[in-house]
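> A predicted structure for the sequence below; I have some questions about it.
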Amino acid sequence: MTTADIILEAEAVECRFPAGKPLFGAPRFVHAVNGVDLAIRRGETFAVVGESGCGKSTLARLLTRLIRPSEGRVRYKGQDLETLSDRETRSLRQHLQFIFQDPYASLNPRMSVGALIEEPLRTHGIGTPETRKARVRQLLTRVGLPAEAAGRYPHEFSGGQRQRIGIARALASGPEVLIGDEPVSALDVSIQAQVVNLLADLKAEFGLTLVVIAHDLAVIRHMADRVAVMYLGEIVELAPASVLFAAPQHPYTEALVAAIPLPDPTARRARAHVEGELPNPLSPPPGCRFHPRCPHAEARCRQERPALSAPDAQGRQVACHRAGELSLSGLAPVTAAQSPEAARRFDLYRAARAAEHAQGNRQEPS
Ligand SMILES: Nc1ncnc2c1ncn2[C@@H]1O[C@H](COP(=O)(O)OP(=O)(O)OP(=O)(O)O)[C@@H](O)[C@H]1O
Ligand code: SF4
Ligand SMILES: [Mg+2]
């Protein structure tokens, strides 16, 4: 891999939010992101997972310069985002686009669908009024909605259709990177399958790089090339999806993987689980931040912070003092016997894909 393959990177990025000043003592800060290093490759689907409050959305906002790091650097195609001129910042907005979890909240209800999709084109001075109208119709069709939807309003559409409108809007300015913060988690499972497949198709068609934040590891397992697992503001494991799910090396990853539901009572596997809540981010534990919940913690885990290792031959990085010496459980490839629920989910993805192909993508989506 050369540096030209890297489209977006974070180097030692930290983000602290002020959390008020107590009556006595120093001001307090939430360390939402604490020393993150990562390099997203052009054309890949890169996922970020972790429990609520671990800093996923903050990291996504840092990568798109919606907020600025307290420390460290974010680079897009090698250029430090802190050094961008106003013109370059506008160009960055054109090339890095966000898809939100709740398309209804992110779409102005008083604007027609056509105006919403056209807005980024106008903002970036792309096209004439006529060519913009044509582009809006083309984008609507491409995301599986009728061109006439341009004259209607967001509330007239279902959740899945609104997410398609959000995707059309994100695509309008011709981005290179789409960042989705929980882009399908508000949708029904069957509708999720359609939207996940749509994103995969668009990625291939437009040569996009996708960064996807999700709680749902079944979705991630289906769509991601590489996965970063976050815990309390830090990346604890980063690996190709197949490697991470089959043989996690960080105890927290093992617990996340084990939490993928196995509803069939006859299907059993060793269920690693973590006790307790995410610690208070105002006063994170010393040493390994995961140690109060880790069943494998030993003395040095309470004192020394484990650094994220350099990539091994499989491309895996892990931040654990005991990585490699622990015997952790992963998931075998999905079969109906092992995990009916996961197999059902994957069948839904395949069925949605087959239906799209059979109907030439012309079905009215939900
Ligand atoms: N603007 C802000 N001001 C203060 N604290 C913030 C702000 N934004 C986020 N935080 C805090 O930073 C931490 C990380 O929040 P973040 O929203 O990035 O987590 P998340 O992983 O996206 O969670 P979720 O899965 O619930 O969306 C949390 O403790 C949160 O309360
Ligand atoms: S460093 Fe220690 S506490 Fe942290 S995950 Fe590894 S074994 Fe557990
Ligand atoms: Mg979030």
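Done, it's in. Ligands and ions are numbered 1, 2, ... in the order given.
> in which helix or strand would I find Glu119?
Counting by DSSP states H and E, the element that carries Glu119 is helix 113-123.
> Apologies, that question was intended for Leu178.
With DSSP H and E as the criterion, Leu178 is inside strand 177-181.
> who does whichever helix or strand comes after that strand touch, helix- and strand-wise?
Of the helices and strands lying after strand 177-181 in sequence (DSSP H and E), the nearest is helix 189-206. Helix 189-206 is packed against helix 159-172, strand 177-181, strand 209-213, helix 217-223, helix 340-358, with contacts defined by 3 or more C-beta pairs under 8 Å, 6 or more residues apart in numbering; DSSP states H and E. The way it works is simple: take the backbone N, C-alpha and C, and place the C-beta from them, glycine included.
> So which residues of the stretch 201-350 of the chain form strands?
Assigned by DSSP state E, counting those that start in this stretch, the strands in the stretch 201-350 of the chain fall at 209-213, 226-231, 234-240, 317-318.
> Could you list every helix and strand in contact with the last one?
Applying 3+ C-beta pairs under 8 Å, 6+ apart, one finds that strand 317-318 makes contact with strand 234-240.
> do the strand it packs on and ligand 2 meet at all?
No: Strand 234-240 does not reach ligand 2 (C-beta under 6 Å from any ligand atom); its nearest approach is 7.1 Å.
> Describe which strands that strand pairs with in its sheet and in which direction.
Strand partners for strand 234-240, identified by DSSP bridges, are recorded as strand 226-231 (antiparallel), strand 317-318 (antiparallel).
> ok, back up a step: contacts for the strand holding Leu178 next, please.
For strand 177-181, the surrounding residues in contact (C-beta atoms under 8 Å, 6 or more residues apart in numbering) are 7-8, 40, 56-57, 60, 63-64, 95-101, 167, 170-171, 199, 202-203, 208-213.
> Buried subset of the residues you listed, written for PyMOL?
With 16 or more other C-beta atoms under 10 Å as the criterion, this PyMOL line picks the buried residues out of these:
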select buried, resi 7+8+40+56+57+60+63+64+96+97+98+99+100+101+167+170+171+199+202+203+208+209+210+211+212+213
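> Show me which residues of the stretch 101-250 of the chain are close to ligand 2?
For the stretch 101-250 of the chain, the residues found near ligand 2 under the criterion C-beta under 6 Å from any ligand atom are His250.
> who are the neighbours in contact with the residue in the stretch 101-250 of the chain positioned nearest to ligand 2?
For the stretch 101-250 of the chain, the nearest residue to ligand 2 under the criterion C-beta to the nearest ligand atom is His250, separated by 5.9 Å. When contacts are counted by C-beta under 8 Å, 6+ apart, His250 touches 229, 236-237, 290, 318-320, 323.
> And these, which is closest to ligand 1?
Within the contacts of His250, proximity to ligand 1 (C-beta to the nearest ligand atom) peaks at Val229, which comes in at 11.6 Å.
> quick one: the closest one and Ala47 touch, right?
No: applying C-beta atoms under 8 Å, one finds Val229 not in contact with Ala47, separated by 9.2 Å.
> separation between Pro279 and Ile191?
Distance, Pro279 to Ile191, by C-beta to C-beta, to the nearest Å: 35 Å.
> more crowded one of these two?
In this view Pro279 and Ile191 are compared by other C-beta atoms under 10 Å, and Ile191 has more residues nearby, 21 against 17.
> Tell me how many other residues surround the nearest residue to the more buried one once chain neighbours are set aside.
Closest residue to Ile191 apart from its sequence neighbours, by C-beta to C-beta, 6 or more residues apart in numbering: Gly160 at 3.9 Å. By the criterion of other C-beta under 10 Å, Gly160 has 21 neighbours.
> Pull the residues that contact stretch 96-107.
Contacts to stretch 96-107, defined as C-beta under 8 Å, 6+ apart, come from residues 8, 60, 63-66, 76, 116, 120, 154-155, 159, 162-163, 165-167, 169-171, 173, 175-183, 185-186.
> Buried among the residues you listed? Need that as a selection in PyMOL.
For anyone working in PyMOL, the buried entries among these, judged by 16+ other C-beta under 10 Å, can be selected with:
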select buried, resi 8+60+63+64+65+76+116+120+154+159+162+163+165+166+167+169+170+171+173+175+176+177+178+179+180+181+182+183+186
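> Report the separation between Gly25 and Glu14.
Using C-beta to C-beta, we find Gly25 at a distance of 21 Å from Glu14.
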